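Participant: The sequence and its predicted three-dimensional model are supplied below.
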Amino acid sequence: MKTVKSISSIDSSLLADYVLSTHGPMSHLKLQKLLYLIEGYHLAYFTESLIDDEFQAWTHGPVSRKVYDSLKDKSRLYADVGYEPASDSDPDPAILVQSLLTQDQIDLVNEVLDLYDKESGFELEALTHAQTPWINARNGLPLGAKCENVISKEDMKQYFSQFLN
């Protein structure tokens with residue numbers, strides 16, 4: 001009898017490493033938006049979170065504070081960041097992700113990455129600024145105002161559900 005994996009979640013830093021290891025260096029801005037989009041589509045499709053993290057409605061769009069904190073000494077907002085294993089014995093993020101997630105989850109992550117990979121960080125920032133989950137979390141604050149309000153996962157699920165076939 002074949003064992004079937006159930007939908008599970010992973011660490012947001014592992015997802016960031018997966019994105020960087022499979023799609024190469026990119027700006028911290030772009031990475032944050034890709035993580036948010038992946039989580040949004042995952043919530044809509046599977047009705048559960050992919051990552052163990054929340055996104056805050058920062059000025060430049062959704063941000064995972066955990067991923068931001070792990071990269072803030074290595075990257076600036078617009079400078080590229082790449083995957084760098086902590087040691088030679090660190091497992092490949094792609095292998096780890098494959099061992100933890102179902103094939104359907106991996107396929108969804110890769111489809112979202114393929115859909116948005118050609119967009120710049122600036123384009124993804126503009127895209128997320130037009131989406132209701134980020135707008136709702138900002139609660140009327142002007143664009144330049146500092147904000148650490150958490151973006152509702154329920155808002156994300158509802159918003160991204162409209163894009164599923």
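Facilitator: Alright, I've got the coordinates. Numbering: from 1, shown residues only.

Participant: Need phi/psi at the closest residue to residue 10 other than its chain neighbours.
Facilitator: Leaving out its chain neighbours, the residue that sits closest to residue 10 by CB to CB, 6 or more residues apart in numbering is residue 100, at 5.3 Å. Using the backbone N, CA and C atoms, a C-beta is placed for each residue, glycine as well. When read as degrees, to the nearest 10, the backbone of residue 100 gives phi -100, psi -30.

Participant: What is the neighbour count of residue 100?
Facilitator: Neighbours of residue 100 under the rule other CB atoms under 10 Å: 15.

Participant: With residue 87 as the reference, measure out to the residue nearest to the spatial centre of the chain.
Facilitator: For the chain, the residue nearest the mean C-alpha position is residue 35 (0.9 Å; CA atoms, centre = their mean). In this view, residue 35 and residue 87 are 24 Å apart by CB to CB, to the nearest Å.

Participant: before we move on, the earlier item: in the one helix or strand the residue nearest to the centre of the chain maps to, what counts as buried?
Facilitator: Element membership for residue 35, per DSSP states H and E: helix 28-46. Across helix 28-46, burial judged by 16 or more other CB atoms under 10 Å covers 28-46.

Participant: you'd agree the residue nearest to the centre of the chain is up against residue 66?
Facilitator: No - counting by CB atoms under 8 Å, residue 35 sits too far from residue 66 to count as a contact (10.0 Å).

Participant: Residue 120: what's it in contact with?
Facilitator: Taking CB atoms under 8 Å, 6 or more residues apart in numbering, we find residue 120 in contact with 27, 30.

Participant: I meant to write residue 47 there.
Facilitator: residue 157.

Participant: Can you list the strands that the least confident helix or strand in the chain by mean pLDDT pairs with?
Facilitator: Across the helices and strands of the chain, mean confidence by mean pLDDT, DSSP states H and E is lowest for strand 80-81: a mean of 83. Paired with strand 80-81 in the same sheet, following DSSP bridges, are strand 26-27 (antiparallel).
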